[in-house]
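# Have a look at this prediction, sequence included:
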Amino acid sequence: MARKPSSDVVVVLGLGRFGKSLALELMDQGVEVLGVDSDEAVVQRVADRLTHAVVADTTDEESLRQLSVHEYDRAVVGIGSNLEASLLTASALVNLSMSTIWAKALSNAHAKILSQIGVHHVVRPEHDMGKRVAHLVRGRMMDYIEFDDGYAMAKTSPPASLIGKTLGESGIRTKHRVTVVAVKRLGEGFTYATADTVIGAGDTVIVSGQVRDTEKFSEST
């Protein structure tokens, strides 16, 4: 296989439900993907939709070396249900000195071990989605993203106490401990918020702050 520019290729190891979805989304975004799985039937189902799709044992470091996986910058371990295969695959990538390794984890323990092995980014799709949906279900949030260290951004409707006031007048940072990042008027797109931005009835806002503060803000009336 000819080497591609490393910045344009992502190696996805494990083409199950998560790995396949990720690989196809990357392709839709114009990123070339080398997909690898030990199951020939799985590889055949996506072979015509990925840049390259190969049948190989992802846990075997030499097999990955023969595929020139070590020549690329980014790799994702999409294996979740088989803990041993996930850890061995991640370990092989670390031994190959991959610049950036992502891996899927199914539990806190799994995530902790992956991090200890040397994986740079560990994701827990089901867990993270569950938390996100829970926030959407419980309040007026329209969308929610949680980052590291308890920081979050929420898309929500503003409380009545803000209507008709500029953000500077509202004292929102002091009262709610959040920052309004952007505002969307009815029928218009989002615009950056400033101290002079007046919040109107029917507006949608994006706020940022600590998780609990964004939760309280979205629940306020």
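That came through fine.

# in this protein, what secondary structure element scores lowest on mean pLDDT?
helix 125-138 (a mean of 73; mean pLDDT, DSSP states H and E).

# Next, the buried residues of stretch 92-103.
92, 93, 94, 96, 98, 101, 102, 103 (16 or more other Cβ atoms under 10 Å). Heads up, the C-betas are built off the backbone N, CA and C, glycines and all.

# ok, which stretches of this structure are strands?
9-13, 32-37, 52-55, 74-77, 100-104, 121-123, 143-146, 151-156, 179-184, 190-192, 204-210 (DSSP state E).

# same for the longest one, what does it pack against?
Right, strand 204-210. With contacts taken as 3 or more Cβ pairs under 8 Å, 6 or more residues apart in numbering; DSSP states H and E, strand 204-210 sits against strand 151-156, strand 179-184, helix 211-219.

# Need these in JSON lines (columns: mean pLDDT and distance to residue 39).
JSON lines is the format used below for those (pLDDT from 0 to 100; distance: least, Cβ to Cβ, whole Å):
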{"stretch": "strand 151-156", "mean pLDDT": "90", "distance to residue 39": "38"}
{"stretch": "strand 179-184", "mean pLDDT": "94", "distance to residue 39": "44"}
{"stretch": "helix 211-219", "mean pLDDT": "87", "distance to residue 39": "39"}
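
# and residue 198, which of those is closest to it?
Of all the helices and strands packed on strand 204-210, strand 179-184 sits nearest to residue 198, with 8.9 Å by Cβ to Cβ.

# where does this structure dip in pLDDT?
Within the chain, the stretches with pLDDT under 70 are 1-7, 135, 137-140, 148, 221.

# Identify the bridge partners of the spatially most central residue of the chain.
In the chain, the residue lying closest to the centroid (Cα atoms, centre = their mean) is residue 123, at 7.4 Å. Beta bridges link residue 123 to residue 104, judged by DSSP bridges.

# Test my guess that residue 114 contacts residue 105.
Yes - Residue 114 is within contact range of residue 105, at 5.7 Å (criterion: Cβ atoms under 8 Å).

# overlap in contacts of these two?
86, 122 (Cβ atoms under 8 Å, 6 or more residues apart in numbering).

# Show residues contacting the least confident helix or strand of the chain.
By Cβ under 8 Å, 6+ apart, helix 125-138 touches 18, 104, 106, 141, 142, 143, 144, 145, 146, 154, 215, 219.

# Return the distance of the residue nearest to residue 24 when sequence neighbours are not counted relative to residue 26.
The shortest distance from residue 24 to any non-neighbouring residue, by Cβ to Cβ, 6 or more residues apart in numbering, is to residue 49 (6.2 Å). Using Cβ to Cβ, to the nearest Å, one obtains 11 Å as the distance from residue 49 to residue 26.

# Tell me which of those two has more neighbours.
Between residue 49 and residue 26, counted using other Cβ atoms under 10 Å, residue 26 has the larger neighbour count: 20 against 14.

# got a list of what the residue nearest to residue 96 when sequence neighbours are not counted touches?
Nearest residue to residue 96 in three dimensions, chain neighbours excluded: residue 70, at 4.0 Å (Cβ to Cβ, 6+ apart). By Cβ under 8 Å, 6+ apart, the residues touching residue 70 are 64, 96, 97, 98.
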